[in-house]
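**Student:** Just a sequence and a predicted model for now, questions to come.
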Amino acid sequence: MITRRTAIAAGLAAPFVARSQAQAQAVGRAETLLLVQEYGPNSLDMQGIGSSQPVNGVALNCYDRLLRFKPVPIPGGGGNTISMGELEGELAESWQVASDGMSCTFKLRDATFHSGRKVTATDVKWSLDRACTIGGFATTQMNAGSLEKPEQFVVVDEKTFRVDFIRKDKMTLPNLAVTIPFVFDSELAIKNGGGDPHAKEWLKNNIAGSGAYKVESWKPGVETIYVRNDDWKCGKLPQLRRIIARDIASPSTRRALMERGDADVSYGLPPKDFKDLLDAGKVNVVGVPIPNGVWGCYLNTQVGPFKDVRLRQAVAWVMPYEKILQASLFGRGVSMAGGTDPKVAWPQPFPYTSDVAKAKALVDAAGGPFSTTLYFDAGNATVAEPMAVLIKEALAAIGITVEINKVPGANFRTEIAKKTNPMVLNRFAGWLDYPDYYLFWTMHGNNSIFNIAAYQNPALDKLVDAARFAPDKASYDANVIDFVKLVENEVPMVPINQPTHDVALQKAIGGYQFQPCREPDFRYLTKG
Amino acid sequence: MLRMIGQRLMTTIPSVIGVIIVTFLLTRVLPGDTAAYFAGPAASPQAIIEIRSKLGLDQPLPVQFVSYVTALVKGDLGTSLTTGQPVTADLAARLPASAELTLAGLLLAMAVALPLGILAAVKQGSWIDHLCRVVATAGVSLPVFFTGLLLVYVFYFLLGWSPAPLGRLDVFASEPPRVTGLLLIDTLLARDFETFRGAFAQLILPAVTLAIFSLAPITRMTRASMLAVLGADFVRTARASGLTNRKVIGTYAFRNAMLPVVTTLGMVFSFLLGANVLVEKVFAWPGVGSYAVEALIASDYAPIQGFVLTMAILYVALNLMIDVLYGVIDPRVRLEG
């Protein structure tokens, strides 16, 4: 009961109570990180079907994998990024590829789950089997590294685990370091799974891992609070004890929070805000060109005017590369114009520059003028809309009339799956940074959903497949150079620019680590 | 009285059934493929088919409808794909946040709009009448997200008077034990005055934003109905009888002018509850409006259906309450009801 007397007493005591709490919070704040992001996870299980992008962050920080990518400094400074070929053990203390190159044996660390139970090879097998059989994105990603069947995962003894390869694939080991093949406490999961062999429902709402952080509270759509696991065995104990990740939908609010110094880290602002923050100099902005990521204009090679290769080349010649980089990305990216010799890299600038005369000649030769429609995902409108408008303007100069069609997010996939759209703007970024991996998804004859240009060319398929399973570096390089030359000439996709993945951090925050999943890695971050 | 409530409830049943059918059909007519959206970017066609059958979207529409209604009868509104939680739990968690914000905004608007409207009517043509007109026009013509961002810019970013727009509570404050879900009440029940102050400070800016927007209809309606009443015979009689100005306006005129104002209040309240999406976005307020919009963008059926249904029921409840209130204000309505 609140009586008048207690109310007065509380009122008198309030200043003192407030002060002691403020002191306790001051200690807390130094070891607590406040992250503001557009939206948070919709599940705690990245292997589960329908998990959203931020769930990768949960997998990264709350679970361990056998391997992880080794931090390498970002060339421009500001923190660390990763390099595909360089791995280090996470749950694995050491690992050894067999002399015939057809299996790899892992020795596990003495790690414990949050439940206190020891991590065993049985847990690793249960988790990898799960990723391969659960269906959806997890299974697709496992298959991308030739991890296809549960029989490939073998428990040798309690602390030894073996992966048998079904073919030699350079992506198998890096694929064990992405955010899908993480290790669950299998006993805990089965116990709570209620008969479901994958314990999908329980793991969606609970963490059963050994990772550096535990989830203290999760309010979907509001906030996620992580606390450090002080018994983490798989790396240097993180400095930050507590992470609060709040979902703040409005980018303007996120920017204001950063500029006022109330939030420590913000992901996913529009490029213009990152540029302004960088220019103002009050907070640090760390940008990493997204590995294996590029904004491209896909030109349909099966239907519509762009069946004619001359018109595809004309688009590449007339693309306003520099204008787009400034007007839609505000300079937060790398232009893909004016490349010289093909290199073993992806993305890389194609040899085209903005040259209207050449483009016009090609359109005339093809019997122009033409009219066409350009599609893009409304979810990317901040960047794609100015891009589309500039392309429309540039193409008008060479006799191609463009109508712009902005497709709502939920529709975009259905739209590109039709493979009948003459022109589509899309950004694709592969987790595994290999040129052949990118082309396998976007131009290979397997006609995946991302082959938006519906490009079919047996010669290209042969080169991409040969590169994917190349026995040595020399033949790999030769194949890559050949297919780069081929697509530079055929241009089913005109690369426009490689966007930067930007993060805004207060000056006191250090230890930024970029991960291919593009979610924050709290384990390396420091404060003060 | 009870009989009237019962009769009123009976008449709402067809409209609720209508709402259920229409929202079900509307969400199915929406373009976009939920399964493809949630299968994620790199999913194979096989994976999409699996998800579609898991969600039951491969069934014919009548079958889907029957299973939807069967679940609905059991109080199950389905599971949101965007938050991964049952829709009932989501709505229960978010409705109090929206209600608290809307109530605060409405009370604030009433505190300003009612006196302003009455004064404008009493002193028709005076400066206060003009002020009333300006306030109403300005309030309704400024879009809420603009007012919201402007307030954040001035009071948080420039002046630093307001706390960070991080939602209902500062990140370091802990939520009081949940009783009503309204933080201002729960913190008082828990006698946690520190948190009460925090929650109150967080509430001010978004509530002011909403109040500015809802000022216009309330002020205009109060003014108009006061004017009508002030010109009525009984007011003239009251004045002629030598009653004080205060008594005439306060007791006789105002009470009679309240009927249309209460109707407007009810409409404004239910409108604000669903329509404060933009305020919720700007202030990161975890309410139902932003929840429904996010679900809509993702073609996520269950939350949309749940949201529309909840809103429909709220409307019905609100209208009933207003009808009852009519009787309190004007006994003639009660007799006729």
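**Tutor:** Ah, there it is.

**Student:** can you list the weak-confidence ranges in chain A?
**Tutor:** Applying pLDDT under 70 to chain A picks out residues A:1-27, A:410.

**Student:** again, only this time at 50
**Tutor:** A:1-27 (pLDDT under 50).

**Student:** Show me what the strand ranked longest in it is packed against.
**Tutor:** In chain A, with assignment by DSSP state E, the single longest strand is strand A:493-505. With contacts taken as 3 or more Cβ pairs under 8 Å, 6 or more residues apart in numbering or on different chains; DSSP states H and E, strand A:493-505 sits against strand A:265-267, helix A:271-280, strand A:284-289, strand A:293-299, helix A:309-318, helix A:321-327, strand A:333-335. Every residue, glycine included, has its C-beta placed from N, CA and C.

**Student:** Can you tell me the strand partners of the fourth one and which way each runs?
**Tutor:** Each strand pairing with strand A:293-299, determined using DSSP bridges, is listed with its direction: strand A:423-429 (antiparallel), strand A:493-505 (antiparallel).

**Student:** Give me the most central residue, chain B.
**Tutor:** Chain B has residue B:273 as the residue nearest its centroid, 1.5 Å off, counting by Cα atoms, centre = their mean.

**Student:** Check that residue and give its pLDDT.
**Tutor:** pLDDT recorded at residue B:273 is 75.

**Student:** Just list the residues touching it, thanks.
**Tutor:** Residue B:273 makes contact with B:98-99, B:102, B:288-289, B:311, B:314, according to Cβ atoms under 8 Å, 6 or more residues apart in numbering or on different chains.

**Student:** hmm, back to that, quickly compare the helices and strands packed on strand A:493-505 and say which is most buried.
**Tutor:** Across the helices and strands packed on strand A:493-505, the average number of neighbours (mean count of other Cβ atoms under 10 Å in any protein chain shown) peaks for strand A:293-299, which reaches a mean of 26.

**Student:** Please give the number of neighbouring residues around the closest residue to residue A:51 other than its chain neighbours.
**Tutor:** Nearest residue to residue A:51 in three dimensions, chain neighbours excluded: residue A:43, at 4.8 Å (Cβ to Cβ, 6 or more residues apart in numbering or on different chains). By the measure other Cβ atoms under 10 Å in any protein chain shown, the count of residues near residue A:43 is 24.

**Student:** Assign residue A:43 to helix, strand or coil.
**Tutor:** Three-state call for residue A:43 (DSSP: H, G, I helix; E, B strand; the rest coil): coil.

**Student:** wouldn't residue B:301 be in contact with residue B:27 here?
**Tutor:** Yes. Between residue B:301 and residue B:27 a contact is recorded at 4.4 Å, counting by Cβ atoms under 8 Å.

**Student:** With neighbour numbers in mind, choose between these two.
**Tutor:** More crowded of residue B:301 and residue B:27, by other Cβ under 10 Å: residue B:301, with 25 against 20.

**Student:** what's near enough to touch residue A:526?
**Tutor:** A:239-240, A:509-511.

**Student:** ok, now residue B:99?
**Tutor:** B:181-182, B:273.

**Student:** How about residue B:100?
**Tutor:** Contacts of residue B:100 (Cβ under 8 Å, 6+ apart): B:168, B:181-184, B:203.

**Student:** Among those, which lie within helices?
**Tutor:** Counted as lying in helices by DSSP state H, out of those, are B:183-184, B:203.

**Student:** Out of these, grab the one that's most surrounded.
**Tutor:** residue B:183 (25 neighbours).

**Student:** Among the contacts of residue B:99, pick out the one closest to chain A, please.
**Tutor:** Nearest to chain A among the contacts of residue B:99 is residue B:181, at 13.0 Å by Cβ to the nearest Cβ.

**Student:** Identify the residue spatially nearest to the closest one, adjacent ones excluded.
**Tutor:** Spatially, and ignoring its direct neighbours in sequence, residue B:181 is nearest to residue B:96 (2.8 Å; Cβ to Cβ, 6+ apart).

**Student:** Got phi/psi on that neighbour?
**Tutor:** Residue B:96 adopts backbone torsions of phi -60, psi -40, taken as degrees, to the nearest 10.

**Student:** The residue in the stretch 51-200 of chain A positioned nearest to chain B: which element?
**Tutor:** Closest to chain B within the stretch 51-200 of chain A is residue A:137: 4.1 Å, counting by Cβ to the nearest Cβ. Applying DSSP states H and E as the criterion places residue A:137 in helix A:136-144.

**Student:** Skipping adjacent residues, who's closest to the closest residue to chain A within the stretch 101-250 of chain B in space?
**Tutor:** Relative to chain A, the nearest point of the stretch 101-250 of chain B is residue B:164 (4.1 Å; Cβ to the nearest Cβ). Counting by Cβ to Cβ, 6+ apart, residue B:164 lies nearest to residue A:262, which is 4.1 Å off, once chain neighbours are set aside.
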